[in-house]
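Q: pasted the sequence and its predicted model underneath.
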Protein chains: 2
Amino acid sequence: MDTRHMQYFLALAETLHFGRAAARMNMSQPPFSRQIAAIEKSLGVKLFERNSRNVALTPAGKHFLEDCRRVLAGFEAACRDVRLVASGMKGELRLAFMMHAAHGVVPSLVRRYAKSRPDIRLILEERIPTDIDEQLIEGRLDAAVTFGLVHAPHLRTALLARDRLQLIAPAGHPLARRDRVGPRDLQGERLIAAPASVAPTLRSAIGIYCATGGTVPDFVFEPRLQHTIIRLVAEGLGIGLIPQSLCTDLGDGIISRPLEDAPEFDVVLCAPVAAKNPAVSHLFEVAQGRE
Amino acid sequence: MDTRHMQYFLALAETLHFGRAAARMNMSQPPFSRQIAAIEKSLGVKLFERNSRNVALTPAGKHFLEDCRRVLAGFEAACRDVRLVASGMKGELRLAFMMHAAHGVVPSLVRRYAKSRPDIRLILEERIPTDIDEQLIEGRLDAAVTFGLVHAPHLRTALLARDRLQLIAPAGHPLARRDRVGPRDLQGERLIAAPASVAPTLRSAIGIYCATGGTVPDFVFEPRLQHTIIRLVAEGLGIGLIPQSLCTDLGDGIISRPLEDAPEFDVVLCAPVAAKNPAVSHLFEVAQGRE
DNA sequence: CCATTCAATACCCTCAAAGTACCAATCGAT
DNA sequence: ATCGATTGGTACTTTGAGGGTATTGAATGG
């Protein structure tokens, strides 16, 4: 038994006529009759009551007819769907993003993608930047929204937005009264920033920025989440340099100020150049506004 | 593509090793490799990333794997179920019964049958006796509970119960006071009975019973339903001779009395001797208490 | 650098299944 | 009753899908 035999059975069950059923299967009647007999023999079940004038389904045949229709429909759907998956029209896409991207570009990107690829199930996962790199290589992620990396030959990237560092400080802090703040002004301040192991791009940008003013940064806390930095600054435990995109709705007791010559960095969509998931390429098209 | 190809795919997707997958399919590795290549070609989709050391599923392959499991499970279930239907363990059974049988033997018969054949869907239909005969022959019914027929060579029967006619009369009727009633006592009474076209067995039993006393019956109403007879008798419009099994809970204003030498008749399970539905034979076993 | 492992290729062979021809049974019309 | 038309079954031939064996080529580890 296989699906071809089921199709033979289906043809006969629907026409109840060996000659016409054989014609529908593009074959002559004798081999068709033999196939029907072979099906009944292999199942050990009589599916048709027949004589030289009439063909009728047995009760078992009636039941089998319904099952065959279901099975064949599932079979054809599977063969059709695998092509859709291969062409990127259907399937899954695992997209990670670092937390601050969630406030900016990710929602719109996801909305536009889901609209043009409704049969792709988007699996969104929040990750810290270092995990993202690692998991992209391992193939546990298909794509990610993260900081632009200087050297990433194995990654394809598309610029989504540019962001820059901005100062946040407790409301009563001396720097909070200044219009602009430069690297020199950070000397002696208690800094709060994520550790290099979590956010290397931000951390090194802060380090380099301080160095341009000859300042040696004094990191007093190193939380993993940018939101934690904001909370600690609001409590008066220090100041922070965080992406501008996170400076909306900071809450009471905390202010933000632009930095002179603020370090900028790219927020990019990236995926392995040899992405196996065909759904990825269309994500890049959406990211680059080509759809 | 057919189910065998899906099984090849499944074997490789689960082992990720051509040699072992081929062994699982009881064949050697080279033709197995060719089959996998043929599957990919016919679908137009790469299902595996492979080199001489590693085999891995593509995203399309992963999706196809799940679909194949579903399809193959359905396929095997269909082949298994058709055998169950043919053996009478699964499927449908259309059982008709005349109305008064519903009060007696049908509920217990159905309960016992459903217990030992839980996968048979019982389709119960109430019919008047003449319709039952007709539809049994046409094959629109598999079996029926009805009166025992004197000549029915095309029907297989099993005795379920014996019933007898009993008199019902309005509470104030002269016959209501008598302990026993014979055929002679019916002379001149207004009789209510179903017409011969609806219940030939009952009707002819009444006729013969009257004849044994030399009585000419006077049928004043001929409703189709035994319950209607009871209602009309309760209204004082006449007397009736109905199956004893219907004489429980007659309600106020109506009494029943046994008849002398009451006509008896069999209540039987019957089905065409050449029953196509294999679920029928076990119904007879249940009816005859052999289960 | 060699041995080993594993998938792919080359070539052959077999049998499942299709085709052709014919037969048997049934029904309707003459 | 008989003949022809229709329909399913059987006998025999043929073909190609798919299996087997031997071998190659690429990758890995000692």
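A: Done, it's in.
Q: so A:P258 lies in a strand, does it not?
A: Yes. A:P258: assigned to a strand according to DSSP: H, G, I helix; E, B strand; the rest coil.
Q: which residues does it contact?
A: By C-beta atoms under 8 Å, 6 or more residues apart in numbering or on different chains, the residues touching A:P258 are A:166-167, A:180-181. The way it works is simple: take the backbone N, C-alpha and C, and place the C-beta from them, glycine included.
Q: closest one to DNA strand D out of those residues, please.
A: Closest approach between the contacts of A:P258 and DNA strand D, by C-beta to the nearest atom of the strand: A:Q166, at 47.3 Å.
Q: that closest one contacts A:Q244, correct?
A: Yes. Counting by C-beta atoms under 8 Å, A:Q166 does reach A:Q244; the two are 4.4 Å apart.
Q: hmm, back to that, out of the contacts of A:P258, who has the most neighbours?
A: When neighbours are counted by other C-beta atoms under 10 Å in any protein chain shown, A:L167 leads those with 25 neighbours.
Q: on that earlier part again, where does confidence bottom out across the contacts of A:P258?
A: Within the contacts of A:P258, the minimum per-residue pLDDT falls on A:R180 (83).
Q: per-residue pLDDT, the residue nearest to that one when sequence neighbours are not counted?
A: Excluding its sequence neighbours, the residue lying closest to A:R180 (C-beta to C-beta, 6 or more residues apart in numbering or on different chains) is A:E260, at 5.3 Å. Listed pLDDT for A:E260 reads 93.
Q: now for A:E260: which residues touch it?
A: A:180-183.
Q: can you check which helix is longest in chain A?
A: helix A:59-86 (DSSP state H).
Q: walk me through the domains of chain A.
A: Here the domain parsing of chain A from automatic domain parsing is A:3-86, A:91-160+A:267-287, A:162-265.
Q: let's have those domains in TSV, adding distance to B:L136.
A: Converted to TSV, those look like this (distance: least, C-beta to C-beta, whole Å):
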stretch	distance to B:L136
domain A:3-86	15
domain A:91-160+A:267-287	51
domain A:162-265	77
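Q: so the residue in the stretch 151-291 of chain A positioned nearest to DNA strand D: helix, strand or coil?
A: Closest to DNA strand D within the stretch 151-291 of chain A is A:A274: 14.7 Å, counting by C-beta to the nearest atom of the strand. Secondary structure assignment for A:A274 (three-state DSSP): coil.
Q: that one: what's it in contact with?
A: A:H154.
Q: what is the neighbour count of A:D179?
A: So A:D179, with other C-beta under 10 Å, has 6 neighbours.
Q: if I look at it, how far off is B:D218?
A: The spacing between A:D179 and B:D218, counted by C-beta to C-beta, to the nearest Å, is 118 Å.
Q: and if you look at A:P129?
A: From A:P129 over to B:D218 (counting by C-beta to C-beta), the distance is 103 Å.
Q: out of the two, which sits in the busier spot?
A: A:P129 (23 against 13).
Q: just checking, that one touches A:L149?
A: No. A:P129 is beyond contact range of A:L149, at 9.2 Å (criterion: C-beta under 8 Å).
Q: mutual contacts of the two, please.
A: A:T201.
Q: before we move on, the earlier item: make a markdown table from the contacts of A:P258 and add distance to B:A73 to it.
A: As requested, those are exported to a markdown table (distance: C-beta to C-beta, whole Å):
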| residue | distance to B:A73 |
| --- | --- |
| A:Q166 | 57 |
| A:L167 | 61 |
| A:R180 | 68 |
| A:V181 | 66 |
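Q: return the closest of those residues with respect to chain B.
A: A:Q166 (39.8 Å; C-beta to the nearest C-beta).
Q: list the beta-bridge partners for the closest one.
A: A:I242, A:P258 (DSSP bridges).
Q: what sits against it?
A: By C-beta under 8 Å, 6+ apart, the residues touching A:Q166 are A:241-244, A:247, A:256-259, A:262.
Q: what segments of chain A are helices?
A: Under DSSP H, chain A gives helices at A:3-15, A:18-24, A:29-43, A:59-86, A:105-116, A:129-138, A:200-212, A:226-234, A:279-287.
Q: relative to DNA strand C, which of these is closest?
A: Nearest to DNA strand C among these is helix A:29-43; the distance by C-beta to the nearest atom of the strand comes to 3.5 Å.
Q: contact residues of chain A facing DNA strand D?
A: A:17-19, A:29-30, A:33-34, A:36-37, A:50-53, A:55 (C-beta under 7 Å from any atom of the strand).
Q: ranking the residues you listed by neighbours, who comes first?
A: Counting by other C-beta under 10 Å, A:I36 has the largest number of neighbours within the residues of chain A next to DNA strand D, with 23 neighbours.
Q: confidence score at it?
A: 92.
Q: so it makes contact with A:Q7?
A: No. Checked against C-beta under 8 Å, the pair A:I36 and A:Q7 is beyond contact range at 11.6 Å.
Q: I'd like to know how far A:M27 sits from chain B.
A: 16 Å (C-beta to the nearest C-beta, to the nearest Å).
Q: from A:R34, how far off is that residue?
A: Applying C-beta to C-beta to A:M27 and A:R34 gives a distance of 10 Å.
Q: tell me the residues on the stretch 101-250 of chain A that lie near chain B, please.
A: Neighbours of chain B within the stretch 101-250 of chain A, by C-beta under 8 Å from any C-beta of the partner chain: none found.
Q: pLDDT weak spots in the stretch 101-250 of chain A?
A: Judged by pLDDT under 70, the stretch 101-250 of chain A has its weakly predicted residues at A:102, A:150-151.
Q: which residue is it, in it, that comes closest to chain B?
A: A:D142 (8.3 Å).
Q: pull the CA atoms of stretch A:36-46 into CSV?
A: Listed next in CSV are the C-alpha coordinates belonging to stretch A:36-46 (Å, rounded to 0.1, in the frame of the first residue of the first chain):
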residue,chain,number,x,y,z
ILE,A,36,-7.7,-3.0,-6.9
ALA,A,37,-7.5,-6.7,-6.3
ALA,A,38,-3.9,-6.3,-5.0
ILE,A,39,-5.1,-3.5,-2.6
GLU,A,40,-7.8,-5.7,-1.2
LYS,A,41,-5.5,-8.6,-0.8
SER,A,42,-2.8,-6.6,0.9
LEU,A,43,-5.3,-5.1,3.3
GLY,A,44,-7.1,-8.4,3.7
VAL,A,45,-10.3,-6.6,3.3
LYS,A,46,-13.0,-6.5,0.6
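Q: list the buried residues in it.
A: Within stretch A:36-46, the residues scored as buried using 16 or more other C-beta atoms under 10 Å in any protein chain shown are A:36, A:39-40, A:43, A:45.
Q: any chance of the residues you listed in CSV, plus distance to B:D266?
A: Output for these, formatted as CSV (distance: C-beta to C-beta, whole Å):
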residue, distance to B:D266
A:I36, 43
A:I39, 43
A:E40, 39
A:L43, 39
A:V45, 35
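Q: just the residues you listed now: which is nearest A:H227?
A: Of all the buried residues of stretch A:36-46, the one with the least separation from A:H227 (C-beta to C-beta) is A:L43, at 64.2 Å.
Q: from DNA strand D, how far off is that closest one?
A: Taking C-beta to the nearest atom of the strand, to the nearest Å as the measure, A:L43 falls 15 Å from DNA strand D.
Q: A:I132 too?
A: On the measure of C-beta to the nearest atom of the strand, A:I132 and DNA strand D end up 26 Å apart.
Q: apart from its neighbours in sequence, what residue is nearest that residue?
A: A:A144 (4.5 Å).
Q: quick revisit: among the buried residues of stretch A:36-46, which ones lie close to DNA strand C?
A: Within the buried residues of stretch A:36-46, nothing lies near DNA strand C by C-beta under 7 Å from any atom of the strand.
Q: now the two most distant members of the contacts of A:Q166.
A: Most distant of the contacts of A:Q166, by C-beta to C-beta, are A:P243 and A:R257, 14.2 Å apart.
Q: the two: which is more packed in?
A: Neighbours were counted for A:P243 and for A:R257 using other C-beta under 10 Å; A:P243 has more, 22 against 19.
Q: that older thread, and for the residue of the stretch 101-250 of chain A closest to chain B, the neighbour number?
A: A:D142, neighbours per other C-beta under 10 Å, totals 25.
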